[in-house]
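**Student:** from the sequence below, what's the structure:
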Amino acid sequence: MFGILNLHKPVGPTSRDCVNAVQRLLHPTKVGHAGTLDPLASGVLLVLIGQSVRLTDAIHTLPKQYLGSFELGVTNDSADSESAAIPIPSPPMIQPHQIEQQLPSFMGRIEQTPPKYSAIWIDGKRAHELAREGKEFEIPKREVTVASIELTAFKYPHFELKITCGTGTYIRSIGRDIALALGSDAIMTSLVRTSIGPFLLENACSPDALEDESAIASQLMPSSLGVKHWPQAFPNDETLVRLEQGKRIDQSDFNSSELHSVDFAAALDSSGRLRALIKRIDGQAWRADKCFLLHLG
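**Tutor:** Down below sits the predicted model:
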């Protein structure tokens, strides 16, 4: 079995819980996932089946879209509803136009500090583990990319943001930082991931529908979608065999004009199935970085 399962993760279980449930039905087939969602969050969770687990790094580069809901005038250490909300003294009565004025500052390549209750590694331990142990520590700022951000709902003290961003972005940090910039504070009350690249929430399957291996197989999406954002190459059958053998391939052997100005690409066969990830090794030659053998799927 070789493909990507677009799973609608519910609120409550961890991403690992969802993966383990699929793994039990498919054992001994390898199962992984790309893009962790906290228990509080719901939405698109990509479960990678079989050889698709080798696409994890590539899928992490796909843009992600979220709907995050926030409550103004309260604070806590987790920046979400996992911890009790603590009212701040005399919070300002923020208006929607004030939030909208702040949004451009949170677009592009920005710096943010992840919450202490997060999966960031600090001295060999997860930050949320240190926080629950009452340890004092600082989380360094990190650069993340936010492609777009929009205020989609507002009724004080609640507001909602639609955010398209790159991997590693903490949505609760964005809501909190917007509130802090306006002299208040905020926690995230819900989070829904509505898409990862071409994988959309409206097409995601419910965990309840995955009763057995055949049910999972019927829901699998092609692994080629995981690298749809990569340049595409279309080698013939002979060239595919040479790629599998680890041989050097001349650029002229690929039926693609996309390869002239890039250093990596996805190689697909005549049926559109992903067969290899390839990389440039010198000016006019390529070699397989990873091959996907269909007889092992």
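**Student:** any idea how far Ala215 is from Ile196?
**Tutor:** The gap separating Ile196 from Ala215 is 22 Å, by Cβ to Cβ, to the nearest Å. Glycine gets a C-beta too; all of them are placed from N, C-alpha and C.
**Student:** what's the pLDDT at Ser78?
**Tutor:** Ser78 is assigned 86 on the pLDDT scale.
**Student:** residues in contact with it?
**Tutor:** 115-117, 128, 131, 172, 187 (Cβ atoms under 8 Å, 6 or more residues apart in numbering).
**Student:** of Ile196 and Ala215, give the one with the bigger neighbour count.
**Tutor:** Higher neighbour count among Ile196 and Ala215: Ile196, with 25 against 12, using other Cβ atoms under 10 Å.
**Student:** take the contacts of Ser78 and write them to TSV, including distance to Asp237 and secondary structure.
**Tutor:** As requested, the contacts of Ser78 are arranged in TSV below (distance: Cβ to Cβ, whole Å; DSSP: H, G, I helix; E, B strand; the rest coil):
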residue	distance to Asp237	secondary structure
Pro115	51	coil
Lys116	54	coil
Tyr117	52	coil
His128	50	helix
Ala131	55	helix
Arg172	49	helix
Ile187	56	strand
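**Student:** quick check, nearest of these to Met221?
**Tutor:** Arg172 (29.0 Å; Cβ to Cβ).
**Student:** please give me every residue in contact with Ala186.
**Tutor:** 70-75, 79, 175-176, 178-179 are the contacts of Ala186 under Cβ under 8 Å, 6+ apart.
**Student:** would you map the strands across the stretch 151-297 of the chain?
**Tutor:** 158-165, 186-196, 199-200, 232-233, 249-250, 264-268, 274-282, 285-291 (DSSP state E, counting those that start in this stretch).
**Student:** return the set of buried residues in the longest one.
**Tutor:** With burial defined by 16 or more other Cβ atoms under 10 Å, the residues of strand 186-196 counted as buried are 186-189, 191-196.
**Student:** mind saving the C-alpha coords of it as CSV?
**Tutor:** Output of strand 186-196 as CSV, limited to C-alpha atoms (Å, rounded to 0.1, in the frame of the first residue of the first chain):
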residue,chain,number,x,y,z
ALA,A,186,-5.4,36.5,24.3
ILE,A,187,-5.6,32.7,24.3
MET,A,188,-6.6,30.5,21.5
THR,A,189,-9.9,28.7,22.1
SER,A,190,-10.0,26.5,19.0
LEU,A,191,-7.9,25.6,16.0
VAL,A,192,-8.9,23.9,12.7
ARG,A,193,-6.4,23.1,10.0
THR,A,194,-8.4,23.5,6.8
SER,A,195,-5.7,22.4,4.3
ILE,A,196,-2.2,21.2,3.7
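**Student:** where do the helices sit along the protein?
**Tutor:** For the chain, the helices defined by DSSP state H cover 15-26, 56-60, 96-102, 127-132, 171-181, 213-219, 237-244.
**Student:** which one of those helices lies nearest to Glu111?
**Tutor:** Of all the helices of the chain, helix 171-181 comes closest under Cβ to Cβ, at 9.7 Å.
**Student:** ok and the closest one relative to strand 158-165, angle-wise?
**Tutor:** With axes from the mean of the first three to the mean of the last three Cα atoms, to 10 degrees as the basis, helix 171-181 and strand 158-165 are set at 120 degrees to each other.
**Student:** show me what helix 171-181 is packed against.
**Tutor:** strand 64-72, helix 96-102, strand 108-112, strand 158-165, strand 186-196 (3 or more Cβ pairs under 8 Å, 6 or more residues apart in numbering; DSSP states H and E).
**Student:** let's see that with 6 Å instead.
**Tutor:** strand 64-72, strand 186-196 (3 or more Cβ pairs under 6 Å, 6 or more residues apart in numbering; DSSP states H and E).
**Student:** sweet, I'm off.
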